[in-house]
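this one's sequence-less:
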């Protein structure tokens with residue numbers, strides 16, 4: 001998580017230095033496109049060939065991506081001298097962003113399925129909360145370290161550090177055992193999306209609620225670096241750290257609460273916190289106000305993400321948990337990609353639209369929370385478990 005998260009806050013400025021600031025929305029949009037496409041395969045492979053192979057592949061992508069960013073940067077400097085080839089480096093960068101997305105398309109699916117295999121169901125929410133703490137710790141320290149390296153030593157140092165962290169993660173991953181009983185080797189049928197299921201319909205309720213959460217995250221990743229830069233943050237990654245730290249604190253209690261009180265009530269609370277956090281950021285004009293909105297937004301992430309993962313695992317048949325998780329995570333990519341592309345395009349065209357973009361995210365979250373609450377309060381309409389026995 002630190003490996004890919006550490007470069008995110010600095011990529012908008014990096015793309016601007018390449019002379020393509022108008023393509024801001026593609027930074028996150030193409031990354032999530034790569035992750036989305038890989039979801040068609042990662043869940044199937046994890047349920048058939050095992051969790052470990054999926055985790056190893058996703059982590060390997062993170063381990064090599066940073067070095068390729070450096071290579072693309074070198075080639076861009078060479079190509080930019082000629083007007084006919086000036087944009088080649090930009091296109092290579094955008095292609096790399098798509099391929100880099102494979103890391104998040106595979107790794108979280110395998111890791112989450114691995115964890116549900118080895119943890120009792122009655123403590124699933126708690127365990128996924130702790131997994132989120134580890135991921136958020138990487139997302140908290142990574143952006144801060146990445147911004148520091150980019151400002152003090154240059155972008156290449158940041159990219160190389162990203163790959164080094166990916167290599168460390170890969171070495172740890174290789175030590176993990178396989179948790180799927182009787183795994184087999186990966187074969188060509190696993191890559192044929194027209195043969196066998198690629199979606200698990202039991203995960204649709206969780207996927208639908210994830211959309212406003214992920215759309216807000218896509219918006220946050222895309223336009224917030226410019227937002228906090230205008231407020232006077234020298235190291236833009238520090239604002240990410242504030243939000244992730246708040247998310248970590250909430251994850252320590254949210255997972256256990258969802259095991260005790262049920263998934264839907266916790267998600268309603270998380271949705272309304274998202275509504276409040278984005279609402280505050282839409283009116284923020286100072287560092288202090290933005291930080292308050294960021295903390296509330298971080299609390300919403302800390303509730304929503306582990307609870308949605310646990311809810312998905314509850315809903316899916318035991319032999320299709322990874323497929324259910326990959327189906328749910330497709331909504332994550334759709335939301336992040338859509339939020340990133342739309343917000344980046346609008347913001348690039350008119351910076352004054354920034355408050356309206358945050359406000360839309362707030363309203364979307366508020367409406368989804370009301371809908372979920374309505375179904376939760378009407379037992380005849382809901383078909384999913386609300387409490388883990």
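That came through, no problem. The structure displayed is predicted, hence computed values, not measured ones. Numbering: from 1, shown residues only.

tell me the SS of residue 19?
At residue 19, secondary structure determined by DSSP: H, G, I helix; E, B strand; the rest coil is coil.

that one: how many residues sit nearby?
14 (other Cβ atoms under 10 Å). Any C-beta I mention is one placed from the backbone N, CA and C, and that applies to glycine too.

so what's it up against?
80, 86, 90 (Cβ atoms under 8 Å, 6 or more residues apart in numbering).

wait, isn't the last one in contact with residue 20?
Right, residue 90. Yes. Between residue 90 and residue 20 a contact is recorded at 4.6 Å, counting by Cβ atoms under 8 Å.

okay if I get the contacts of residue 19 as JSON lines plus secondary structure?
Listed next are the contacts of residue 19 as JSON lines, based on three-state DSSP:
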{"residue": "80", "secondary structure": "coil"}
{"residue": "86", "secondary structure": "coil"}
{"residue": "90", "secondary structure": "helix"}
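
now, which of the residues you listed sits nearest residue 244?
Here the nearest of the contacts of residue 19 to residue 244, counting by Cβ to Cβ, is residue 90; it sits at 29.4 Å.

that older thread, most neighbours, which of the contacts of residue 19?
Highest neighbour count within those: residue 90, with 19 neighbours (other Cβ under 10 Å).

check contacts around that one.
By Cβ under 8 Å, 6+ apart, the contact set of residue 90 is 15, 18-20, 23, 76.

next one: it from residue 296, what distance?
36 Å (Cβ to Cβ, to the nearest Å).

and the contacts of residue 90, which of them are buried?
By neighbour count, with 16 or more other Cβ atoms under 10 Å, the contacts of residue 90 hold 15, 18, 20, 23, 76 as buried.

ok, the contacts of residue 19 vs residue 230, which is closest?
residue 90 (24.6 Å).

quick one: buried residues of the one helix or strand residue 212 maps to?
In this structure, residue 212 sits in helix 204-231 according to DSSP states H and E. For helix 204-231, burial by neighbour count (16+ other Cβ under 10 Å) applies to 204-207, 209-228, 231.

with stretch 176-196 instead?
179-180, 183, 186, 190.

in a markdown table, list these along with distance to residue 52 and pLDDT.
Formatted as a markdown table, the buried residues of stretch 176-196 follow (distance: Cβ to Cβ, whole Å; pLDDT from 0 to 100):
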| residue | distance to residue 52 | pLDDT |
| --- | --- | --- |
| 179 | 8 | 89 |
| 180 | 8 | 87 |
| 183 | 8 | 86 |
| 186 | 11 | 83 |
| 190 | 15 | 74 |
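
could those go into CSV alongside distance to residue 291?
Formatted as CSV, the buried residues of stretch 176-196 follow (distance: Cβ to Cβ, whole Å):
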residue, distance to residue 291
179, 40
180, 43
183, 46
186, 46
190, 46
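
farthest residue from the center of the chain?
Distance from the C-alpha centroid of the chain peaks at residue 82, with 36.8 Å (Cα atoms, centre = their mean).

show the pLDDT at it.
Per-residue confidence at residue 82 stands at 82 (pLDDT).

now do the helices in the stretch 251-389 of the chain.
Applying DSSP state H, counting those that start in this stretch to the stretch 251-389 of the chain gives helices spanning 263-283, 287-315, 321-349, 354-376.

ok, of the buried ones among the contacts of residue 90, which one's closest to residue 251?
Looking across the buried ones among the contacts of residue 90 and measuring by Cβ to Cβ, the closest to residue 251 is residue 15, at 31.6 Å.

could you measure from that closest one over to residue 269?
Distance, residue 15 to residue 269, using Cβ to Cβ: 37 Å.

equivalent analysis for residue 322, please.
28 Å.

what do you get for residue 78?
53 Å.

those two: which is more packed in?
Remark: of residue 78 and residue 269, residue 269 carries more neighbours, 20 against 11, as counted by other Cβ under 10 Å.

wait, that one touches residue 302, no?
No. Residue 269 is beyond contact range of residue 302, at 10.9 Å (criterion: Cβ under 8 Å).

where does the chain have low pLDDT?
Residues of the chain that meet the criterion pLDDT under 70 lie in 194, 196-197, 234-237, 348-349, 379-389.

swap in 50 and give it another go.
For the chain, the stretches with pLDDT under 50 are 383-389.

isn't residue 365 up against residue 211?
No. In this structure, residue 365 is not within contact of residue 211 by Cβ under 8 Å, at 9.9 Å.

ok, the closest residue to residue 11 other than its chain neighbours to residue 62 distance?
Leaving aside its chain neighbours, residue 11 sits nearest to residue 27 (4.9 Å; criterion: Cβ to Cβ, 6 or more residues apart in numbering). Taking Cβ to Cβ as the measure, residue 27 falls 17 Å from residue 62.

what do you get for residue 243?
Counting by Cβ to Cβ, the gap from residue 243 to residue 62 is 22 Å.

over to residue 164?
Residue 164 sits 11 Å away from residue 62, going by Cβ to Cβ.

neighbour count: those two, which is higher?
Set residue 164 next to residue 62 and count neighbours by other Cβ under 10 Å: residue 62 wins out with 25 against 14.

that one is in what secondary structure piece?
Secondary structure (DSSP H and E) places residue 62 in helix 51-79.

what are the buried residues along that helix?
Within helix 51-79, the residues that count as buried by 16+ other Cβ under 10 Å are 51-63, 65-70, 72-73, 76, 79.

cool, stretch 264-284 as well?
Buried residues in stretch 264-284, counting neighbours by 16+ other Cβ under 10 Å, are found at 264-282, 284.

what does stretch 88-96 give?
88-90, 92-94, 96.

over to stretch 283-302?
In stretch 283-302, counting by 16+ other Cβ under 10 Å, buried: 284, 290-302.

same check on stretch 4-20?
In stretch 4-20, the ones that count as buried by 16+ other Cβ under 10 Å are 4-15, 18, 20.

save those residues as a markdown table, and put in distance to residue 358 and secondary structure too.
Shown next, in a markdown table, are the buried residues of stretch 4-20 (distance: Cβ to Cβ, whole Å; DSSP: H, G, I helix; E, B strand; the rest coil):
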| residue | distance to residue 358 | secondary structure |
| --- | --- | --- |
| 4 | 24 | helix |
| 5 | 21 | helix |
| 6 | 24 | coil |
| 7 | 23 | coil |
| 8 | 18 | helix |
| 9 | 17 | helix |
| 10 | 21 | helix |
| 11 | 20 | helix |
| 12 | 17 | helix |
| 13 | 20 | helix |
| 14 | 24 | helix |
| 15 | 22 | helix |
| 18 | 27 | coil |
| 20 | 24 | coil |
